[in-house]
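Peer 1: Provided below are the primary sequence and the corresponding predicted coordinates.
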Amino acid sequence: MYFGLVECCIPARRCRVAVINGSNILQYFQSHTTFKLVLTWAVLSLSSWAYGFEPLQLDSHTGEVNLSPVYLGVYEDTEAALSIRDVLTKGNEYFSPVENDIINLGHSSSSVWATFTVIDNDPQHLSETPWLLEIGYPQLKRVNIYVVADQKVVQEYNIGYGLPMEQRELPHRLFVQPILLEPQVEYQVYVNVMRKNGSIQLPLKLYRPSIFLQYELSNNYIFGMLFGIMGAMIIYNLYLCLSVGSRAYFYYILYIASAMISFLMTTGYGYYFIWPRYPVLNEYMLQLPTCVGVITGMLFVRHFIDVKRYYIFLDRLISWIVYVGFGLILFRLLTPYFLSETITLYVGAMSIVMPVMTYMCWRKGSRPAGFFLLGWAMLFVGVFLYTLSLLAVLPSNSITNNAVFVGAAMETLLLSLGLADRINSERKQKYSALQSQHETVLRLQEAEQRLMHRALHSGITGLPNRTFLKTQIEMLVSSALQTQFSVVLLNLNNFHEFNKTLGHSNGDAILYLATQRMNAACEKEGKVVALERHSAGVHFLAGVEGVTFALMLSDCGVPEAQQVALRLLRDLERPFEYQGLALDIDATASMACYPEHGTNSENLIRNAHIALEAAESSNEKLAVYSQQIDPYNERRISLLGELRHAIESDQLQLYFQPQISLKTNKVEGAEVLIRWIHPEYGFIPPDEFIPLAERTGVIHALTYWICRHAFQIKSSLTRQGFDIALSINISARNLQDAEFSQKIQLLADEENISLQDIVMELTETAVMTDPDHALKMMSELNEAGIRLSIDDFGTGYSSLSYLKRLPVNEIKIDRSFVMDMATSGDDQLLVRTTLSMGHNLSLVVVAEGIEDAPTLDLLKAMGCDLAQGYHIARPMPVDAFYKWLGDYVAVLPDIDTDSSGSACLDG
């Protein structure tokens, strides 16, 4: 692929006449015989002053002359220090002969001098008619031409691209300067050029104006075709890009445009026609488009060949090459460095990598890669012929000089054909894909119909299912003609006996027969709504859940609907025969009416289910929904969402109920209780919203909220000098959280409190739900320093063997045993037994629910450790708790006792 002609970096051999000085002679003598050295020294010394170049003889037959090496001498002034005066002073002493047809010094920052001698021997040539001296390399920043006669500069010109085009005597894409030659006068012409670290070539020609005009017309024709082709390809591919929308065309357009700009620079047409007044652009208009050409060329090949489909590593390599190209562009724009050699190497490397990469993809079966390789081969042939002409292997003529451009044009055409072939191939593939897609769509429609039927029908009975029923209910609700209807549920109560006795296969067959009987009975009733009409008949029933079926009754009130439902039940419960067995079916019905019991399918079916549960629990045959039999209500659902908001916005409150030691009467701790004062419902009991939180998972956020705020209170109590423990209730759901222990420790670290003063209370039911997992989690909490307590001990079904294994520190006797123990001998026995068992297991025993002094005295006599209850103190908010603690501590030494000797603590 062509990426733009950057520089020709083929260094020419530089042959100069050596000036023999003393050190040269000494070195020469060290390696040769005396005779050879003397002879060589004499010859070289003689040539140092006598060497000259053959003068160019012009006559009447001369139309154009390529200044070949026989006429030319060249000198590379590496210091760029010589002036024309210095050159004239020493004559040809500086100059060396040229070996190739074109002076080519490769990349150089030197000042280069070339000279030739010319004599016009045509007596008929008018002195006012100039000869045209052409330097056919438009990339030279400085071009100075000196025409010398008799060691005097008679003509001097400066026409490099560093100057605006309008300052040239003859504006032209190349450097063309008219020079006047008097007949029979010998002129020495000196050409001095310089470039900024770019390649330097000096193809020199002399023309008669008429011949030059003919030559220029042919060149303009050729280059006009080249640029016309490239412009046409840009327009053509732009149309394809807008039509197809593929990025490959967009990158190809940019690639052609960058190549076109590079050609405009290398041919000189860009400076001549487009930017003649901005010579500074000549510094950038070859290197930058070349880098852009590499980048867009790489991106074009990536999408054109679909490299990633064949080699992922090649796709990544292209990305890195693109990044390097952008880096070179930025570096060239932001720094004064010319980067000619670097960009040349970059382009050269990519010119090798690209065909190799494309060849690999072609071997993998990429058809577009074949077009690319063919186009690249055309370009390679053009570059190869042009290079051979520069090396003088082939003659320099219109074919070799324009081979690169012809190759680039052929490449552009071939790649455009490749893109067109790609469109044609993709079109065929799309057509084939559309045919296949059409067939697939037909098969999918058939499959979808089968799946839809399966999704909306039971595989056992063939009846419509719950989803189908909901759709039909919604249709009735939205119908303006239907003002009242009922949803009836029929449940087969004893059907599980058939499955267990006869097996599921027979059970399915019996269920099918039963639903057919029900459907036939519904057909006899004129009020039953037909749900679905099919080829075999009509479906009046719908399967709702398991062996629960639904039907709809229209245009009848509740009493009439009840009578229809009871008749259907009696018909369903009539015995029927199956494989010689007389089978009886027991059934229950329920009903929900529109619009009294619901205004949509969801509510109607839900309420009918609630009525069915009520009928089964009361052993009734038929139940009609009412709010009185609905254990679920909207308030509980509303509370769930509002509880989340209350937790997030700190609308909950903590209350504290003190626990005192029955031995010392000191406050040893307090139980942390949660309170929710709802802005609409007022006080909501914990036993209403906590079970709701446990069922929905909100209990985790609630427990962490309680712990965080309780730890803050604990930190405040410690700062005020109250060293008491806080007891926090946790749920069985908390024990299922694998990160519960770590999160509690993090909360404690945030408040800088010790977990040694934290007691976590669990019910026996919570522990025994999953004893093994509970044991693991409780062990983690115990290892963190948290004391564990079994709350409501004695009301659950805990095993003493599990209690022995659990890392428990205390047990809490349930209030139901404590409240009446002063008057109940059985309760006293249970409490005494619990105290004895707990102490034998080295556990602290806490009694709660103490509401009078005799109960407190009795517990103290039995040896109970801690006590809490209304007789001691009611649960109180934190401010009141602080005050209570202060008052209690103040009067603790002077505690009054009643006649029984117990402390009167309830304040």
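Peer 2: The structure has been received and is ready for your questions.

Peer 1: and the helix or strand harbouring Ile222, average pLDDT?
Peer 2: Element membership for Ile222 (DSSP states H and E) is helix 209-244. Here helix 209-244 scores 84 as its mean pLDDT.

Peer 1: might you list the low-confidence residue ranges for the stretch 1-150 of the chain?
Peer 2: The model of the stretch 1-150 of the chain has pLDDT under 70 over residues 1-52, 125-127.

Peer 1: quick one: the strands in the stretch 701-850 of the chain?
Peer 2: 725-729, 758-763, 787-793, 810-813, 844-848 (DSSP state E, counting those that start in this stretch).

Peer 1: the residue nearest to Gly325 when sequence neighbours are not counted: what secondary structure?
Peer 2: Counting by Cβ to Cβ, 6 or more residues apart in numbering, Gly325 lies nearest to Ile295, which is 4.2 Å off, once chain neighbours are set aside. Bear in mind the C-beta positions are built from the backbone N, C-alpha and C, glycine included. Following DSSP: H, G, I helix; E, B strand; the rest coil, Ile295 is assigned to helix.

Peer 1: cool, and Ala589?
Peer 2: Three-state call for Ala589 (three-state DSSP): strand.

Peer 1: what distance do you get for Phe223 to Leu264?
Peer 2: 9 Å (Cβ to Cβ, to the nearest Å).

Peer 1: more neighbours, the two?
Peer 2: For Phe223 and Leu264, the more surrounded residue by other Cβ atoms under 10 Å is Leu264, and the numbers stand at 24 against 18.

Peer 1: can you pull the pLDDT of the more buried one?
Peer 2: Predicted confidence (pLDDT) for Leu264: 89.

Peer 1: you'd agree the residue nearest to Gly325 is up against Val324?
Peer 2: No - under the criterion of Cβ atoms under 8 Å, Ile295 makes no contact with Val324, lying 9.1 Å away.

Peer 1: let me have the strands of the stretch 701-850 of the chain in CSV, adding mean pLDDT and mean neighbour count as columns.
Peer 2: What follows is these, written out as CSV (pLDDT from 0 to 100; neighbours: other Cβ atoms under 10 Å):
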stretch, mean pLDDT, mean neighbour count
strand 725-729, 94, 21
strand 758-763, 90, 23
strand 787-793, 86, 22
strand 810-813, 90, 26
strand 844-848, 93, 24
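
Peer 1: same list, the ones you listed, but as JSON lines with distance to Ile305 please.
Peer 2: Formatted as JSON lines, the strands of the stretch 701-850 of the chain follow (distance: least, Cβ to Cβ, whole Å):
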{"stretch": "strand 725-729", "distance to Ile305": "69"}
{"stretch": "strand 758-763", "distance to Ile305": "68"}
{"stretch": "strand 787-793", "distance to Ile305": "70"}
{"stretch": "strand 810-813", "distance to Ile305": "78"}
{"stretch": "strand 844-848", "distance to Ile305": "81"}
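
Peer 1: quick one, which of those gets closest to Gly348.
Peer 2: Proximity to Gly348, assessed across the strands of the stretch 701-850 of the chain by Cβ to Cβ, is greatest for strand 758-763 (76.1 Å).

Peer 1: parallel or antiparallel, which strands does that closest one pair with?
Peer 2: Here strand 758-763 has these sheet partners by DSSP bridges: strand 725-729 (parallel), strand 787-793 (parallel).

Peer 1: can you list these in JSON lines and add distance to Val488?
Peer 2: Formatted as JSON lines, these follow (distance: least, Cβ to Cβ, whole Å):
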{"stretch": "strand 725-729", "distance to Val488": "45"}
{"stretch": "strand 787-793", "distance to Val488": "44"}
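
Peer 1: what's the closest of those strands to Val189?
Peer 2: Minimum separation from Val189 across those (Cβ to Cβ) falls at strand 725-729, 106.4 Å.

Peer 1: residues in contact with that closest one?
Peer 2: 656, 659, 668-672, 703, 706-707, 710, 713-714, 757-762, 787, 789, 791 (Cβ atoms under 8 Å, 6 or more residues apart in numbering).

Peer 1: how about the closest residue to Val322 other than its chain neighbours, what does it touch?
Peer 2: With Cβ to Cβ, 6+ apart as the criterion, Val322 has its nearest non-adjacent residue at 5.1 Å, and that residue is Ile295. Contact analysis of Ile295 by Cβ under 8 Å, 6+ apart lists Ile321, Val322, Gly325, Phe326.

Peer 1: in helices only, show me those residues.
Peer 2: Ile321, Val322, Gly325, Phe326 (DSSP state H).

Peer 1: give me the neighbour count for the last one.
Peer 2: This means Phe326. When neighbours are defined as other Cβ under 10 Å, Phe326 has 12 of them.

Peer 1: which pLDDT value belongs to it?
Peer 2: 94.

Peer 1: ok, Ser389 next?
Peer 2: Ser389 is given a pLDDT of 59.

Peer 1: and the gap between the residue nearest to Val322 and His303?
Peer 2: Counting by Cβ to Cβ, the separation of Ile295 from His303 is 13 Å.

Peer 1: and for Trp362?
Peer 2: For Trp362, the distance to His303 equals 16 Å [Cβ to Cβ].
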